[in-house]
Every structure is written in C-alpha cells, then in structure tokens.
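# Structure, please.
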Amino acid sequence: MKKFNKKIVLEDGEEYYGYGFGADTERICEIVFNTSMVGYQEIVSDPSYTYQMVVMTYPLIGNYGITDDDYETRQPSIGGMIVREYNDLPSNFRYTKTLSEYLEENGIPGIAGVDTRKITRSIREKGSRKVIITDAKTSKQKAIKKLKEYEIPKDAVSKVSCKKKWYSRTANPKFNVVAVDCGIKLNIVRSLNKRGCNVTVVPYNTSAKEIEKLKPDGIFLSNGPGNPEDVTEVIELVKKLRRKYPMFGICLGHQMISLAYGAKTYKLKFGHRGGNHPVRNILTDKIEITSQNHSYAVDENSIKKTKLEVTHKNILDNTVEGVRCKKDNIFSVQYHPESAPGPQDSGYLFDEFLKMLEGGEK
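Numbering: from 1, shown residues only. The predicted structure follows:
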C-alpha cells in the first residue's frame, strides 16, 4: 500500500494524512472549500484565492487536465489544493498538461487522499482558519507552532494586480472601458470584449487623474482577494469618479463600492464558494443560480444609511448580493456573472452595463 507522504494540520489541531501532488513545498494559508463539480482549472487560476488553500468537495479532480484556453490568470496565486481523489491521467482532447504539472510549475502544493467531506464539515462548523500543508513526518506540535507564529499577509490585491496597464481590444468597438485590476478574471475581460468594449486594464492603485486621461465611457471594478477595507486606494477612487462615469463592480469591486458609499463589510464564517448559489433579483423577483467566491459580505443594515439600494439577496443566508445607486449610474453584484466556472443566468448584467454606457438607465 502506498505510504502517506504529506499531511495538513489546522490551527485547532485537526490533522489529515494524504499523498502530495503539485509542488513539493510547505505552505500556510487560510482553508476554504468550493462546491463546484467542474472548473478546477478556473478555480486554481482565480486570483481571488490568493493566500487560500481550497478543499474541493467534488471527489474526483484532475480528470480532464489543464487546457491553454481556460485560464483566469496566467500567474496563479492560489495557496494550495486539497482533494479526495486526484487523477493524473486526463481524458480530454484539449488538455496540454496535467493539474499536478501545472501546480508544480507554479510552486503550488496539493494533497489527495484526505477525507474532504469531514474537512468541509469542520470548516462549516468551526469556520475558515489557518492550515499548513507539510511533510507527513512533521510533528503536530511543530506544525501548530508554525501556524500560531504565522500571520496571513494583507497585501493580496497588490500582489495579484497588474504592475502596468494592458489592453484587450475587439473588432468594431462601441465603447472604451477601464477595468481596475484587483485580481481580475480573464473571462470578465472576454465578456466585455464580446459585447463590443475595448478594455484597458489598469493597476489597482492607478489615480483618478490617470484614468480620466484614458477617456473611458465607463469603469469596471474587478474581483480580487482579501479584505476590502485594506484596498483604500480603490475605495477613494470610487469616491472621486462615481458621478463622472458609469461603474460596474463584481465581488471585491461590489464590496469596495459599498464601502465608498459609507456601508460596512464583515467576514463570513466560511464564505460562499461554488457554482450553484441561488440569488433573488429583487428588481425582477426572479431567482438566478450563480457562481460565487468570497469571504466578505456587505452589512445590510449599514446600507440603509447610504444612497445605495439593495438589488439582490442570497436565498441561502439572506446576505446582500447586489446594490445600485441609480442616480450615480453605479451598480455591483457579489457573485460572478462571467461564471467561470458556473451557470450563465446572470450574464445579462454586462448588457445592463452597456445600456448605462449608451446613456440608458439600469
């Protein structure tokens, strides 16, 4: 029988032995789980998972490999992968490398063979917390000592944001959109291009004056990792530009828009991560099945003291999933309408953004 060579230890002492894949390295992160049945490549390459180690609740991971067209970023920053069963022999005519090869190339550790159902229940009951992936021979006492001494960095957005602006143009463009990169997923850029928008992606700390020089028709605020309160540069940017240009925010962008208007955010016990979260659109009274990935939410009571109105609510826990200020031509959602992975129920939000760029109302 194959011998365990890796293990994970949580800061409260829980310990799980398994088999390593990907990079052979020790790593400390925050442990979270994702319930998506497909889309592990998009999850692994999503910058929002910076400093996080993801438990995949679907038991079989790696079976269709990694393809060149499905990355959400070219430089993955996820902390690690925890899976029940890892398949290193993909069956997919599009695949160009295995998941393990991709993780190894990018210095990301993985562990398989652990009880992911038990770990997921633990996260749901006790909340997200620090975890270390280490050699199976490392003592629990040593691992816990390392966990206690380690502080998860707060520079997640500055780590994943682009360092200089870049362009993604399309044929016969109708509009020019500036996207503020806090960890943007490439499918967001593709979704805007597909609708006739030339996109200029700029670093998160780009000044309002620099953005105005680009003469955009509208501004997009991207998803990204970490605590939204740490990204003061973008919050101030929203305050300066919110009445000058139509704005659309997703996930972290949604949280930062809310903070700019005076609302508050808080950390969820274990977050929302998966491709099947039901959300009620209050404006249409329709239910959308959404893709989500976030640790923080906007406090609904704090919104009542602002110019924002709630437009979407989570059916599972009644958290805020969308806000808007009609007067300022600004709106945002907590979930991912570009859906990679996930359903396409909410792709209409990009069309609503285009209506704003045309001068219509959302």
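
# Would you map the strands across the stretch 51-200 of the chain?
Using DSSP state E, counting those that start in this stretch, the strands of the stretch 51-200 of the chain run over 52-56, 60-61, 80-82, 85-86, 109-112, 130-135, 166-168, 175-181, 197-203.

# As a markdown table, the ones you listed with mean pLDDT, distance to Thr319 and mean neighbour count would be great.
C-beta coordinates here come from the backbone N, C-alpha and C atoms, glycine included. Listed next are the strands of the stretch 51-200 of the chain as a markdown table, based on pLDDT from 0 to 100; distance: least, Cβ to Cβ, whole Å; neighbours: other Cβ atoms under 10 Å:
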| stretch | mean pLDDT | distance to Thr319 | mean neighbour count |
| --- | --- | --- | --- |
| strand 52-56 | 98 | 19 | 26 |
| strand 60-61 | 98 | 28 | 18 |
| strand 80-82 | 98 | 25 | 26 |
| strand 85-86 | 98 | 32 | 18 |
| strand 109-112 | 98 | 31 | 25 |
| strand 130-135 | 98 | 24 | 22 |
| strand 166-168 | 98 | 32 | 13 |
| strand 175-181 | 98 | 24 | 24 |
| strand 197-203 | 98 | 29 | 21 |
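
# of all those strands, which lies closest to Thr98?
strand 85-86 (9.3 Å; Cβ to Cβ).

# give the contact list for Ile235.
Each residue near Ile235 by Cβ atoms under 8 Å, 6 or more residues apart in numbering is listed here: 228, 256, 259-260.

# Give me the phi and psi for Glu42.
Dihedral angles of Glu42 (phi, psi; degrees, to the nearest 10) stand at phi -70, psi -40.

# that older thread, could you redo the strands of the stretch 51-200 of the chain as a markdown table and give each row distance to Asp328?
Output for these, formatted as a markdown table (distance: least, Cβ to Cβ, whole Å):
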| stretch | distance to Asp328 |
| --- | --- |
| strand 52-56 | 33 |
| strand 60-61 | 43 |
| strand 80-82 | 40 |
| strand 85-86 | 48 |
| strand 109-112 | 44 |
| strand 130-135 | 39 |
| strand 166-168 | 26 |
| strand 175-181 | 17 |
| strand 197-203 | 20 |
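
# Of those, which is nearest Glu11?
Glu11 sits nearest to strand 130-135 of all those, at 4.4 Å, using Cβ to Cβ.

# And the residue lying closest to Asp68 once chain neighbours are set aside, how close does it get to Gly249?
Sequence neighbours aside, Thr96 is the residue nearest to Asp68 in space, at 5.4 Å (criterion: Cβ to Cβ, 6 or more residues apart in numbering). Per Cβ to Cβ, to the nearest Å, Thr96 is found 34 Å from Gly249.

# Equivalent analysis for Gly275, please.
Distance from Gly275 to Gly249, by Cβ to Cβ: 21 Å.

# more crowded one of those two?
Gly249 (28 against 23; other Cβ atoms under 10 Å).

# Spit out the contact partners of the more buried one.
Gly249 neighbours (Cβ under 8 Å, 6+ apart): 220-222, 256-257, 330-333.

# in its sheet, what does the helix or strand that His294 is a member of sit against?
For His294, the element it lies in under DSSP states H and E is strand 286-298. Strand 286-298 has its sheet partners listed here by DSSP bridges as strand 265-281 (antiparallel).

# measure stretch 221-235 end to end?
Stretch 221-235 has an end-to-end distance of 10 Å (criterion: Cα to Cα, to the nearest Å).

# ok, back up a step: will you turn the contacts of Gly249 into a markdown table that also has pLDDT?
What follows is these, written out as a markdown table (pLDDT from 0 to 100):
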| residue | pLDDT |
| --- | --- |
| Phe220 | 98 |
| Leu221 | 98 |
| Ser222 | 98 |
| Met256 | 98 |
| Ile257 | 98 |
| Ile330 | 98 |
| Phe331 | 98 |
| Ser332 | 98 |
| Val333 | 98 |
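
# how much space between the closest residue to Ser158 other than its chain neighbours and Tyr167?
Using Cβ to Cβ, 6+ apart and skipping the chain neighbours, the partner closest in space to Ser158 is Tyr204 (6.9 Å). The spacing between Tyr204 and Tyr167, counted by Cβ to Cβ, is 17 Å.

# okay, now the closest residue to Asn172 other than its chain neighbours: neighbour count?
Leaving aside its sequence neighbours, Asn172 sits nearest to Gly196 (Cβ to Cβ, 6+ apart; 6.7 Å). Residues near Gly196, counting by other Cβ under 10 Å, number 14.

# Cool, thanks, talk later.
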